[in-house]
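In: fold the following.
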Amino acid sequence: MPALPEPRTGTGSLWFGRRMLKVLAAVAALVVSVGGGWWFVSAVLRLASRTPTSRGASSAGPATGPSPDPTTVASATTPTHPGAADPAGPDGPAARAALRGGSWIGFLERLAVTACVLTGQPAGVAIVVAVKGLGRYPELKDNPAASERFVIGTLASLIWAAACGLAASLAF
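Out: Numbering: from 1, shown residues only. Below you'll find the predicted structure:
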């Protein structure tokens with residue numbers, strides 16, 4: 001019976017193994033950055049658009065005249081129950097309509113930022129932010145809800161992408 005060959009234990013195979021782990025960690029970081037970032041940014045925007053849950057305090061101030069029909073006022077100005085999403089907030093329909101295509105831009109932004117962190121090019125993050133801000137400026141200058149959504153979404157996205165890239169680069 002022929003003897004089985006000895007396993008390779010030279011430094012070449014060890015180098016290849018570590019190199020392969022780094023590549024796998026980078027790919028995993030990019031996937032988690034894009035996929036998990038969508039979930040994270042959506043959750044942050046939902047939290048940012050919720051109304052305060054104060055004890056019956058109204059943000060409109062004290063009433064000065066006869067009170068109108070409460071259902072009409074509630075449906076026109078605020079959600080019907082505390083803690084619900086505010087339609088005029090950063091996750092409301094007006095902000096979403098003004099920033100159409102934002103999810104795809106966010107995917108690409110997180111991919112680019114994570115790649116910049118993984119490759120040790122932090123200046124690339126500044127370029128991504130500058131291009132995104134200049135591209136969105138016309139839509140943001142006249143729409144405060146869209147501006148708020150843009151800032152909150154961009155910061156949440158950048159934090160998530162940088163954390164994913166940093167975690168993968170520190171892992172190996």
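In: what is the burial count for Ile119?
Out: I think there's a mix-up here, since residue 119 is Thr and not Ile. Counted with other CB atoms under 10 Å, the neighbours of Thr119 add up to 12. Yep, even glycine has a C-beta here, placed from its N, CA and C like the rest.
In: now it: how far from Lys22?
Out: Relative to Lys22, Thr119 is positioned 12 Å away (criterion: CB to CB, to the nearest Å).
In: low-confidence ranges in this protein?
Out: 1-2, 4-15, 51-100 (pLDDT under 70).
In: what about the helices in it?
Out: In the chain, the helices defined using DSSP state H lie at 11-48, 70-77, 93-98, 102-118, 123-140, 144-171.
In: for Ala3, which of those is the nearest?
Out: Taking CB to CB, helix 11-48 is the member of the helices of the chain nearest to Ala3, at 20.0 Å.
In: buried stuff in that closest one?
Out: For helix 11-48, burial by neighbour count (16 or more other CB atoms under 10 Å) applies to 25-26, 29-30, 32-34, 37-38, 40-41, 44-45, 48.
In: let me know the closest of those to Ala163.
Out: Nearest to Ala163 among the buried residues of helix 11-48: Ser33, at 8.5 Å, using CB to CB.
In: contacting residues around that closest one?
Out: Counting by CB atoms under 8 Å, 6 or more residues apart in numbering, Ser33 touches 110-111, 113-114, 160-161, 164-165.
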